[in-house]
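J.: just coords:
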């Protein structure tokens, strides 16, 4: 079962960059249309041979293959860790949490958006897990408080920022923080936010940029806090 878990994580990870790259072409769209548009046969334009364009396409494909392999290894390791340290009845919920977070990180990195196609399932999955495996999930009161905290925190932040500058938060950020609140609770979400600010700052210093996608930093921090919390629920 452990080997199957690793293989499943690897193949799901391989799909992350390719699926994420499609969202810039199909949004805004309802979930049904997104599902129909994600899986498609690659179509190459029928144009006369262009050496420069060919080199560019090869470079893009090499980059896509590289990131696909990296995500495959990362998700394989995360799924394996989930199998080893999370309660068995919580295992598949944990794997889906990790996969959805990975997709949100990849999409936000490319397009600076957190689509409902992933944030809403993340929220609903947390609610479902709280009812299906209450012994392996956070206490209902803590989970509910975390959801409200994530929603109110992001809403109040946007409200205050609106008086000084254009708000950097969007509806996707509000939904993601609400969903993470269900999974992590108030204290866990605070830990995740503090860690994510540290990660974002370090990444900004390394890249020498003051702006960028916040989703990857928040996702990384949330995964770390997730394992910390759910290892202690044994």
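T.: Noted; the coordinates are in hand. Computed from a predicted structure; not experimentally measured.
J.: was I right about residue 191 contacting residue 225?
T.: Yes: look at residue 191 against residue 225 with C-beta atoms under 8 Å: they come within range, at 5.0 Å. From N, CA and C alone the C-beta is placed, and that goes for glycine too.
J.: Who has more neighbours out of the two?
T.: Neighbour count, other C-beta atoms under 10 Å: between residue 191 and residue 225, residue 225 has more, with 24 against 18.
J.: show me what contacts that one?
T.: Residues counted as contacts of residue 225 (C-beta atoms under 8 Å, 6 or more residues apart in numbering) are 184, 188-189, 191-192, 195.
J.: switch the cut-off to 6 Å
T.: Contacts for residue 225 were tallied using C-beta atoms under 6 Å, 6 or more residues apart in numbering; they are 184, 188, 191-192.
J.: Please indicate which of those has the highest neighbour count?
T.: By neighbour count, taken as other C-beta under 10 Å, the most surrounded of the contacts of residue 225 turns out to be residue 184 (30 neighbours).
J.: Now it: phi and psi?
T.: Comment: the main-chain dihedrals of residue 184 come out as phi -110, psi -20, following degrees, to the nearest 10.
J.: Residue 30 versus that one, what's the distance?
T.: Counting by C-beta to C-beta, to the nearest Å, the gap between residue 184 and residue 30 amounts to 29 Å.
J.: and if you look at residue 58?
T.: 35 Å.
J.: same deal with residue 65?
T.: Distance check for residue 65 against residue 30: by C-beta to C-beta, it reads 31 Å.
J.: got a list of what residue 119 touches?
T.: Applying C-beta under 6 Å, 6+ apart to residue 119 gives the contacts 172, 175-176, 179.
J.: Repeat the analysis, applying 7 Å as the threshold.
T.: Residues in contact with residue 119, defined by C-beta atoms under 7 Å, 6 or more residues apart in numbering, are 104, 172, 175-176, 179.
J.: and if you look at residue 38?
T.: By C-beta under 7 Å, 6+ apart, the contact set of residue 38 is 19, 22.
J.: Flag the helix or strand of this protein with the lowest per-element mean pLDDT.
T.: Scoring the helices and strands of the chain by mean pLDDT, DSSP states H and E places helix 31-38 at the bottom, with a mean of 74.
J.: And the next helix or strand past it?
T.: Proceeding C-terminally, helix 31-38 gives way to helix 51-85 as the next helix or strand, assigned by DSSP states H and E.
J.: That next one - what's its average pLDDT?
T.: In this model, helix 51-85 has an average pLDDT of 86.
J.: I'd like to know which elements that helix is packed against.
T.: Where contact means 3 or more C-beta pairs under 7 Å, 6 or more residues apart in numbering; DSSP states H and E, helix 51-85 is packed against helix 2-26, helix 91-111, helix 215-231.
J.: Show me where the protein dips below the pLDDT cut-off.
T.: Counting by pLDDT under 70, the chain contains low-confidence ranges at 29, 39-51, 53, 165-170, 234.
J.: quick one: contacts for the residue sitting nearest the centre point of it?
T.: Central residue check for the chain by C-alpha atoms, centre = their mean: the C-alpha nearest the mean position is that of residue 101, 2.2 Å away. Neighbour list for residue 101: 219, 222-223 [criterion: C-beta under 7 Å, 6+ apart].
J.: let's go with 10 Å and repeat that
T.: Contacts here follow C-beta atoms under 10 Å, 6 or more residues apart in numbering; on that basis residue 101 touches 78, 118, 122, 176, 179-180, 183, 215-216, 218-220, 222-223, 226.
J.: Also residue 181?
T.: In this structure, residue 181 makes contact with 123, 126, 142-154, 188-189, 192, judged by C-beta under 10 Å, 6+ apart.
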